[in-house]
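Participant: I'd like to go over a predicted model; first the sequence, then the structure.
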Amino acid sequence: MNMYISLSIKKQRNKLYCFIFFSVLLSFVFSTFNEELDLIRYYEAAIDDYKEYNNWVTYLKVLIERDFDFIYSLSLYFALQLGLPLNLVSICYLSLYYIAISEVLRRHFPGLKVVWYVFFFVLMCAPFIWVREISRNLAAFGFFYLAIISYLEHRYKSMLCWLIVSVLTHISMIMYVPLILGAHVVRKFTITNTFITLTIIVMLVISYIMPSYLLDILALVMDGRGISRYSLYASLETHGALLSPNIGYGDKLPMAYIYIYSIALLIRNKNHDFMYWMLLFLTIMLSFFILSNMMFTNRVIMVMPIFVAWNTYSILRTKKVFDKSLIKKMSVLGILLVLAHLYSYRDTFTIF
């Protein structure tokens, strides 16, 4: 009997993973790419490097000296060596991103069905166009999610390995490591929801008064360590996501929505576990970035879905009618914003 249940669960899991993989595959087959997007630039750079370096060991030495975070570029190089399309690398990374979210929910909330509104919310939480096109960050987030899965299963050595791989894929992942350590420590304390609400309000006020404060710290750290290539992330203080005239409402509304939705989850969820604190810390980071820096805003939002989904399920598990109704209504709104976001990119991301 147990063997039958195990086989049934494995079959359902494999079907879900295949569905995700082929959905991502179709999105690459039936779409065009704008030349200015990150994905195309990485592909072109990989092709140029492949022509220049015919030995992967030599190429790896060059990468380490030039970029430090070399794993994504090296994976493109290996794909070219094997004669594989570069899109296949992106398809695998994007599939890993969504599969990791699904796997966390499947393992830790077995009594709850993966309902449609959570699925749509996860897509909305990190707008699909960002996730697909900001490709090197996406790869790093996929490895970061594997670190989170390892943490939840108390495999801390494995978690450390995946964190290192994540940082070696995109150096900006270093800023998430202290969040994991902080969430691990704070989860052991009993803190009331009133205190959490007051903390959120205080952080909102501080972030609105000094939106560039965190950016100034990041710029100081980066410049002090001579990481000039990454200083760009901390220098665009006049390009706040919600204030920039160059960004349409198709982008701004999903950003504002995920911000508000995350705050609502933090206030409603009484289970202050590790995943709760991770969402709180990321929401605090977003408070600073959403008015000050577009590049950090979309990347922080991209890492949030696994924590948003967890906290959504944590609330749904309480079986309170009010919470379920609220999440359903907000999820319907999220679906509309997904459509608005896709429409705003109709020229950049064309599905035939």
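Facilitator: All right, it came through fine.

Participant: list the contacts for the nearest residue to Ala139 once chain neighbours are set aside?
Facilitator: Distances taken as Cβ to Cβ, 6 or more residues apart in numbering place Tyr93 nearest to Ala139, at 4.4 Å, with adjacent residues excluded. Placement of C-beta: from N, CA and C, glycine included. Taking Cβ atoms under 8 Å, 6 or more residues apart in numbering, we find Tyr93 in contact with 135, 138-139, 142.

Participant: can you name the two of these that are farthest apart?
Facilitator: Ser135 and Gly142 (10.7 Å; Cβ to Cβ).

Participant: for Ser90, see how far away the residue minimising distance to the centre of the chain is.
Facilitator: Relative to the mean C-alpha position of the chain, the nearest C-alpha, by Cα atoms, centre = their mean, is the one of Val303, at 2.2 Å. Here the criterion is Cβ to Cβ, to the nearest Å. By it, Val303 lies 18 Å from Ser90.

Participant: equivalent analysis for Tyr257, please.
Facilitator: Tyr257 is 26 Å from Ser90, by Cβ to Cβ.

Participant: go ahead and confirm Phe109 touches Tyr313.
Facilitator: Yes: using Cβ atoms under 8 Å, Phe109 is in contact with Tyr313, at 4.7 Å.

Participant: quick one: which of the two has more around it?
Facilitator: The neighbour comparison of Phe109 against Tyr313 (other Cβ atoms under 10 Å) goes to Tyr313, with 21 against 18.

Participant: of all the residues in the strand or helix carrying the more buried one, which ones are buried?
Facilitator: Using DSSP states H and E, Tyr313 sits within helix 305-316. By 16 or more other Cβ atoms under 10 Å, the buried positions in helix 305-316 come out as 305-316.

Participant: okay, now the unreliable bits of the chain?
Facilitator: 1-17, 19-37, 111-132, 211-241, 245-246, 322, 345-352 (pLDDT under 70).

Participant: got the buried residues for stretch 317-336?
Facilitator: Of the residues in stretch 317-336, those buried (16+ other Cβ under 10 Å) are 323, 327, 330-331, 333-334.

Participant: could I get that stretch in PDB with only the CA atoms?
Facilitator: Extracted as PDB, the C-alpha positions of stretch 317-336 are listed here (Å, rounded to 0.1, in the frame of the first residue of the first chain):
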ATOM      1  CA  ARG A 317      -3.700  25.900   6.300                       C
ATOM      2  CA  THR A 318      -5.500  27.700   9.200                       C
ATOM      3  CA  LYS A 319      -8.800  27.100   7.300                       C
ATOM      4  CA  LYS A 320     -10.100  30.500   8.100                       C
ATOM      5  CA  VAL A 321     -12.800  31.600   5.600                       C
ATOM      6  CA  PHE A 322     -11.800  35.200   5.800                       C
ATOM      7  CA  ASP A 323      -8.100  34.500   4.900                       C
ATOM      8  CA  LYS A 324      -9.100  32.100   2.000                       C
ATOM      9  CA  SER A 325     -11.500  34.700   0.600                       C
ATOM     10  CA  LEU A 326      -9.000  37.500   0.800                       C
ATOM     11  CA  ILE A 327      -6.300  35.500  -0.900                       C
ATOM     12  CA  LYS A 328      -8.600  34.400  -3.700                       C
ATOM     13  CA  LYS A 329      -9.700  38.000  -4.300                       C
ATOM     14  CA  MET A 330      -6.100  39.200  -4.300                       C
ATOM     15  CA  SER A 331      -5.100  36.400  -6.600                       C
ATOM     16  CA  VAL A 332      -7.800  37.400  -9.100                       C
ATOM     17  CA  LEU A 333      -6.300  40.900  -9.100                       C
ATOM     18  CA  GLY A 334      -2.900  39.300  -9.600                       C
ATOM     19  CA  ILE A 335      -4.100  37.500 -12.700                       C
ATOM     20  CA  LEU A 336      -5.300  40.800 -14.200                       C
END
